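Engineer: Sequence and predicted model, in that order:
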Amino acid sequence: MLEDKEKWNKKYLEFPMPEGTSKILEKYVDNAKVGQAIDIACGTGRNAHFLADKGFLVDAVDFSDYALERVRKSSTIKKIEADLDKYNIAPKKYDLIVNINYLNRRLVSQMKDALKENGIIVFETFIVAHGDYGHETMNLDYLLRKNELLHSFIGLDIIYYEERDDVNLRGEKVRIASLVAKK
């Protein structure tokens, strides 16, 4: 467990997260009722800060204490240091769930259960590109398969879904899946 925490701390140190809010969150945040939100794998808080500024009460969850130290102190942001391989999301608690650039399949069904009625989920992460882009292959456990994200949230009303080419923080071409859905 300590090794995992050190790995994430090193990642945030070597590859600082961008300051700006996720574009998909900016575009679809108004679909959610302002209330309780969770930012899963929040990193240094770029999306949690945005949500707090919009009036949400935000649970900002990450395993990296280094990253969480950079999440601003606020009465509307609750920092939660947790190993997401063991963390459980409270049922029927959230008006908005945000999951950007992170995949833990164990949490998908918990996310659906954690949404309040009419709650919104904004989920965006990487898809297997089968080496199409000539850079080092990531662990496939942390990459979605084609249409997997869409199928994972069947039962919710899909507001938006797309799979597209993009560029990661290192400037490498990657495949991304984006989903916005409502309970």
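Structural biologist: Received it, and whenever you're ready, just let me know what you need.

Engineer: count of residues packed around Glu117?
Structural biologist: Glu117 has 9 neighbours, counted by other CB atoms under 10 Å. (Each C-beta comes from the backbone N, C-alpha and C, glycine too.)

Engineer: Apart from its neighbours in sequence, what residue is nearest it?
Structural biologist: Lys183 (6.1 Å; CB to CB, 6 or more residues apart in numbering).

Engineer: Before we move on, what's the pLDDT of the one you found?
Structural biologist: What the model reports for Lys183 is a pLDDT of 97.

Engineer: Point to the helix or strand of this structure where mean pLDDT is at its lowest.
Structural biologist: helix 2-14 (a mean of 60; mean pLDDT, DSSP states H and E).

Engineer: Output the strand ranked longest in the chain in PDB with nothing but the alpha carbons.
Structural biologist: Determined from DSSP state E, the single longest strand within the chain is strand 115-127. Extracted in PDB, the C-alpha atoms of strand 115-127 (Å, rounded to 0.1, in the frame of the first residue of the first chain):
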ATOM      1  CA  LEU A 115     -26.100   8.900  -7.600                       C
ATOM      2  CA  LYS A 116     -29.200  10.500  -6.200                       C
ATOM      3  CA  GLU A 117     -32.300  10.400  -8.400                       C
ATOM      4  CA  ASN A 118     -31.600  12.700 -11.400                       C
ATOM      5  CA  GLY A 119     -27.900  12.700 -10.400                       C
ATOM      6  CA  ILE A 120     -25.300  13.200 -13.100                       C
ATOM      7  CA  ILE A 121     -22.000  11.300 -13.800                       C
ATOM      8  CA  VAL A 122     -19.200  12.800 -15.900                       C
ATOM      9  CA  PHE A 123     -16.600  10.200 -16.700                       C
ATOM     10  CA  GLU A 124     -13.700  10.500 -19.100                       C
ATOM     11  CA  THR A 125     -10.600   8.300 -19.400                       C
ATOM     12  CA  PHE A 126      -8.300   6.400 -21.800                       C
ATOM     13  CA  ILE A 127      -9.100   3.600 -24.200                       C
END
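
Engineer: what helix or strand does Tyr160 sit in?
Structural biologist: Using DSSP states H and E, Tyr160 sits within strand 157-167.

Engineer: Would you mind measuring the gap between the ends of stretch 61-80?
Structural biologist: 5 Å (CA to CA, to the nearest Å).

Engineer: just stretch 62-77 next, same as before
Structural biologist: End residues of stretch 62-77 are separated by 13 Å (CA to CA).
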